[in-house]
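S.K.: Sequence plus predicted model, see below.
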Amino acid sequence: MSERFSPLLHRLAAIGLLLAVAGVGLALLVLPLIGHDSTLRAEIGRQRELLGRFEAFAANRDVAETVAGQARAVMSGDLFLPDETDALRAANLVAAVTDIAEKNGVRLSSTRALPVRQQDGLQLIGVQAEFETDMKRLQLVIAAVEMHRPALFVQSVQIAPSAGRRRDSDELKVRFGIFGAVPAQGETKP
């Protein structure tokens, strides 16, 4: 009987050995390829997501360029004082304040540059002006200053009766500080 089982055992042993070799081959060759394939599929998924982001950015590029253009226009537009140095800006500010006053029938008695200030990312260039006028012209001057371009700001106003005025006179002695802004030195320009 052992002779009868011997060829059967030999065949079963051969089939077992063949299955073992196939299993080892599967474990050594096919399983790493399957793992590499799933890694590549995951990377393709990440790259597709990144491509979708780039496409969305490209679709919004016009909007982004419009916003950037508006920012450049504000920085280089009529909100900030022009020129390269603070001294030139202060001189131009004095000229602008004098021009505003003269257009509104007011003659300035004195002007002087105020110290440069830093505030909220802006550098403020200022001028102090003194003059005598009535209330109506004062209102016109202040309105003209605040409507001026580049933008000017009335920082302070001191009003007192004129020194040698008559009782029936409306003359007032006025001193005010006017400032214009430029981006602070540390700020970058687009």
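M.R.: Structure's in. What do you need?
S.K.: going forward, measure contacts between C-alpha atoms and count neighbours the same way
M.R.: OK.
S.K.: CA atoms of stretch 48-57 as CSV?
M.R.: Extracted in CSV, the C-alpha atoms of stretch 48-57 (Å, rounded to 0.1, in the frame of the first residue of the first chain):
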residue,chain,number,x,y,z
ARG,A,48,-5.3,66.1,-10.3
GLU,A,49,-6.3,68.0,-7.2
LEU,A,50,-3.4,70.4,-7.7
LEU,A,51,-4.2,70.8,-11.3
GLY,A,52,-7.8,71.7,-10.3
ARG,A,53,-6.5,74.4,-8.0
PHE,A,54,-4.3,75.8,-10.8
GLU,A,55,-7.2,75.8,-13.2
ALA,A,56,-9.4,77.6,-10.6
PHE,A,57,-6.6,80.1,-10.1
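S.K.: Not counting its own residues, what contacts it?
M.R.: For stretch 48-57, there are no external contacting residues (C-alpha atoms under 8 Å, 6 or more residues apart in numbering).
S.K.: Now that stretch: average pLDDT?
M.R.: Average pLDDT, stretch 48-57: 86.
S.K.: What residues of it count as buried?
M.R.: Going by neighbour count (16 or more other C-alpha atoms under 10 Å), nothing in stretch 48-57 comes out as buried.
S.K.: Distance from the chain centre to that stretch, please.
M.R.: Centre-to-centre, stretch 48-57 and its host chain are 24 Å apart (C-alpha atoms, centre = their mean, to the nearest Å).
S.K.: before we move on, what about stretch 102-113?
M.R.: That offset, for stretch 102-113, works out to 37 Å (C-alpha atoms, centre = their mean).
S.K.: Quick check: end-to-end length of that stretch?
M.R.: Start-to-end span of stretch 102-113 (C-alpha to C-alpha, to the nearest Å) is 19 Å.
S.K.: and if you look at stretch 97-114?
M.R.: End-to-end distance of stretch 97-114: 14 Å, with C-alpha to C-alpha as the criterion.
S.K.: What residues of it count as buried?
M.R.: By 16+ other C-alpha under 10 Å, the buried positions in stretch 97-114 come out as 97-98, 100-101, 104, 106-108, 111, 113.
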